[in-house]
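Q: Sequence and computational prediction follow.
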Amino acid sequence: DQAVVLCCAGATKDMGKMLGGEEEKDPDAQKKEEERQEALRQQEEERKAKHARMEAEREKVRQQIRDKYGLKKKEEKEAEEKAALEQPCEGSLTRPKKAIPAGCGDEEEEEEESILDTVLKYLPGPLQDMFKK
């Protein structure tokens, strides 16, 4: 019986709020909310500090492995590759090694014709006559 009475009492209070009645205001609500927000901030800071410590430990282990096997960090590799590309290459007067030589893409039509001629050479006689017309 008590559960039914409590249930109904809570329901009528909520019904009053839904119908536009005034909410009962907790005088300490603002203070409690501030404390809750502060607790959340503190937990977040602790979590970040914990993750930073864990990452530092992982990085220490990674560095030990790099030292043991003579490996380099990804950033170091990229920096060396970039420096190698910027350095003038021996034997090359004007262009870096990986640059495309001038005129490579200009003669597409001639290449297509020569490819077609090459294919036609290998076709049987009657098919060659069909494509030539």
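A: That came through fine. Numbering: from 1, shown residues only.
Q: Poorly predicted segments of the chain, please.
A: 1-25, 88-113, 131-133 (pLDDT under 70).
Q: which helix is the longest one in it?
A: In the chain, taking DSSP state H as the definition, the longest helix is helix 29-69.
Q: Next SSE downstream of that helix?
A: Going down the chain from helix 29-69, the next helix or strand is helix 74-86, by DSSP states H and E.
Q: and the angle from that following helix to helix 29-69?
A: Our comparison of helix 74-86 with helix 29-69, counting by axes from the mean of the first three to the mean of the last three C-alpha atoms, to 10 degrees, yields an angle of 60 degrees.
Q: how about helix 74-86 as CSV, C-alpha atoms only?
A: What follows is helix 74-86, C-alpha atoms only, in CSV (Å, rounded to 0.1, in the frame of the first residue of the first chain):
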residue,chain,number,x,y,z
LYS,A,74,58.5,7.9,-39.0
GLU,A,75,59.1,11.6,-38.7
GLU,A,76,62.9,11.1,-39.0
LYS,A,77,62.5,8.9,-42.1
GLU,A,78,60.3,11.5,-43.8
ALA,A,79,62.7,14.3,-42.9
GLU,A,80,65.6,12.4,-44.4
GLU,A,81,63.7,11.6,-47.6
LYS,A,82,62.6,15.2,-48.0
ALA,A,83,66.2,16.3,-47.5
ALA,A,84,67.4,13.8,-50.1
LEU,A,85,64.9,15.0,-52.6
GLU,A,86,65.9,18.6,-52.1
